[in-house]
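Asks: structure for this input, please:
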Amino acid sequence: MNENNILNKEDLLKKVAELEMLLKKKDEELRNVRNTFLSKIGHELRTPMNSIIGFSNILANNDLTADQKELYLEYINSSSDELLHLVENMIDLAMLESGQTELNEVACSVNALFNELYAHFNREKHVLEKFSVALLMSKSVEENDLVIKTDPLRLKQVLSNLISNALKFTDKGVIEFGYEVDKKKQLYFFVKDSGKGVSVDLQNTIFNSFRKDNSESGNQQSGIGIGLAIAKEVVKLMGGDIGFKPNPKRGSLFYFTLPIRKVKVNSESFLIKHNRKDCFLSEEDIAI
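Replies: Below you'll find the predicted structure:
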């Protein structure tokens with residue numbers, strides 16, 4: 001056996017040892033992710049399930065008044081919706097991460113979509129009794145001047161997840177969401193809040209699914225990180241980029257950019273319908 005063969009064997013053994021260490025590290029990381037997932041998903045599922053079971057048992061009491069029954073049914077319906085939303089998000093994220101999701105791109109009025117979001121979250125903040133939170137909307141383009149080809153449901157999903165997240169962590173102050181055309185001629189969307197902000201230990205993993213949250217809020221409000229993970233995957237699928245800027249004093253700014261693909265519209269038809277409640281445009285709205 002010559003010296004080169006000995007050296008090659010030593011190099012090979014060294015490489016094998018390095019790979020074993022890497023595999024061990026990856027295996028440990030996967031175990032941590034699995035444990036974090038099981039812990040968080042268990043907590044998130046248990047909360048609405050306990051509510052549904054608990055109030056269902058109470059409803060079996062014949063001594064309840066009609067008002068009490070109605071209240072407990074509202075609690076059950078709310079918890080059922082929460083549970084369904086969680087399961088749907090998990091399925092959606094799995095589909096996105098496996099590349100099985102396709103976009104359904106149509107002509108969409110960006111301002112109409114923003115009007116929908118504003119109306120929805122104005123109602124939502126009152127349902128959540130966030131009376132000390134002001135919701136502001138910023139649209140940089142005139143009402144009938146920005147129609148793009150995109151997937152409106154997916155765009156709305158990303159913005160909804162970001163606004164919902166801001167509302168969740170803002171007890172008083174301002175939440176502002178809007179868009180503008182940036183210097184690169186891209187659409188720049190943003191959601192800015194004056195809430196608790198993002199803890200330092202989460203800043204590198206904020207868009208990861210099932211992230212581990214060691215912040216002061218603990219499991220009570222931390223969630224399982226699905227909303228932001230879905231937002232990241234959808235924006236990537238739509239050809240854009242997503243990010244955030246923590247405010248050193250208070251609050252956060254989440255943003256994403258998308259390429260602009262404008263669609264010409266039939267001005268007369270669009271102006272008649274521009275107060276519509278949905279952001280979809282029919283064929284008669286589009287100029288040929």
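
Asks: thinking Phe121 is in contact with Asn161, fair?
Replies: No: in this structure, Phe121 is not within contact of Asn161 by Cβ atoms under 8 Å, at 11.8 Å. In short, each C-beta sits where N, CA and C put it, glycine included.

Asks: how many residues are close by Pro152?
Replies: A count of nearby residues for Pro152, using other Cβ atoms under 10 Å, gives 22.

Asks: which stretches in the stretch 1-150 of the chain count as strands?
Replies: Taking DSSP state E, counting those that start in this stretch to define them, one finds strands in the stretch 1-150 of the chain at 106-109, 133-139, 147-150.

Asks: buried stuff in stretch 82-95?
Replies: Judged by neighbour count (16 or more other Cβ atoms under 10 Å), stretch 82-95 contains these buried residues: 82-83, 86, 89-90, 92-93.

Asks: most packed of the strands of the stretch 1-150 of the chain?
Replies: Each of these was scored by mean neighbour count; the highest is strand 106-109, a mean of 22, by mean count of other Cβ atoms under 10 Å.

Asks: if we can go back for a sec, so which of the buried residues of stretch 82-95 belong to helices?
Replies: Secondary-structure check on those using DSSP state H: residues within helices are 82-83, 86, 89-90, 92-93.

Asks: can you list the low-confidence ranges for the chain?
Replies: Low-confidence segments of the chain, defined by pLDDT under 70, span residues 1-7, 30, 32-40, 143-145, 201, 209-225, 248-249, 265-288.

Asks: which positions in stretch 149-169 come out as buried?
Replies: Within stretch 149-169, the residues that count as buried by 16+ other Cβ under 10 Å are 150-152, 154-163, 165-169.

Asks: what does stretch 113-129 give?
Replies: By neighbour count with 16+ other Cβ under 10 Å, stretch 113-129 contains the buried residues 113-118, 121, 125.

Asks: would you turn the residues you listed into TSV with distance to Leu12?
Replies: Conversion of the buried residues of stretch 113-129 to TSV gives the following (distance: Cβ to Cβ, whole Å):
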residue	distance to Leu12
Leu113	58
Phe114	60
Asn115	65
Glu116	62
Leu117	59
Tyr118	63
Phe121	60
Lys125	63
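
Asks: from these, which two are the most distant?
Replies: The span of these, defined through Cβ to Cβ, is set by Leu113 and Lys125 at 18.8 Å.

Asks: from Asn104, how far off is Leu86?
Replies: Computed as Cβ to Cβ, to the nearest Å, the Leu86 to Asn104 distance reads 24 Å.

Asks: okay, now the spatially closest residue to Lys69 that is not a sequence neighbour: neighbour count?
Replies: In space, and not counting its chain neighbours, Lys69 is closest to Leu59: 6.3 Å by Cβ to Cβ, 6 or more residues apart in numbering. Residues within reach of Leu59, counting by other Cβ under 10 Å, total 15.

Asks: ok so, going back, how about the strands of the stretch 1-150 of the chain in TSV, adding distance to Pro259?
Replies: Supplementary listing: these in TSV, determined by distance: least, Cβ to Cβ, whole Å:
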stretch	distance to Pro259
strand 106-109	14
strand 133-139	19
strand 147-150	9
